[in-house]
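Undergrad: Would you be able to build a 3D model of this:
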Amino acid sequence: MRKAKASNVTVERQNWEKIFNGMVHMLHSQQQQLLSLASEHKLLDKNHISELKGISIYEEKR
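TA: Sure thing, here's the model as predicted:
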């Protein structure tokens, strides 16, 4: 009887470990996506500022 109870605890611990590892993997994926989006945003922002500077220089020359 004692062995069956210990076996159930082991199985439950393994199940929770799988859940935890899945959540860790999911969070790492989301972190990578956020870093990628932040990098893209920074690049787009720099391009937008360059375009605005180009427009203002063009308008000054007119």
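
Undergrad: rest of the way, CA atoms for contacts and neighbours
TA: Will do.

Undergrad: Now for His25, how many residues are close by?
TA: 12 (other CA atoms under 10 Å).

Undergrad: Could I get the phi/psi values of it?
TA: phi -60, psi -40 (degrees, to the nearest 10).

Undergrad: Roughly how far does it sit from Asn8?
TA: 26 Å (CA to CA, to the nearest Å).

Undergrad: where's Leu44, which helix or strand?
TA: helix 2-61 (DSSP states H and E).

Undergrad: Check the offset of that helix from the chain's centre.
TA: With CA atoms, centre = their mean, to the nearest Å as the basis, helix 2-61 stands 0 Å off its chain's centre.

Undergrad: what packs against that helix?
TA: Contact partners of helix 2-61 among helices and strands, from 3 or more CA pairs under 8 Å, 6 or more residues apart in numbering; DSSP states H and E: none.

Undergrad: Let me know the average pLDDT across that helix.
TA: Per-residue pLDDT over helix 2-61 has a mean of 85.

Undergrad: So that it lines up with my notes, have the first residue be 162 from now on.
TA: Yes, from this point I'll number from 162; that puts the last item at helix 163-222.

Undergrad: what about Leu188, neighbour count?
TA: 12.

Undergrad: Count the neighbours of Asn182 for me.
TA: 12.
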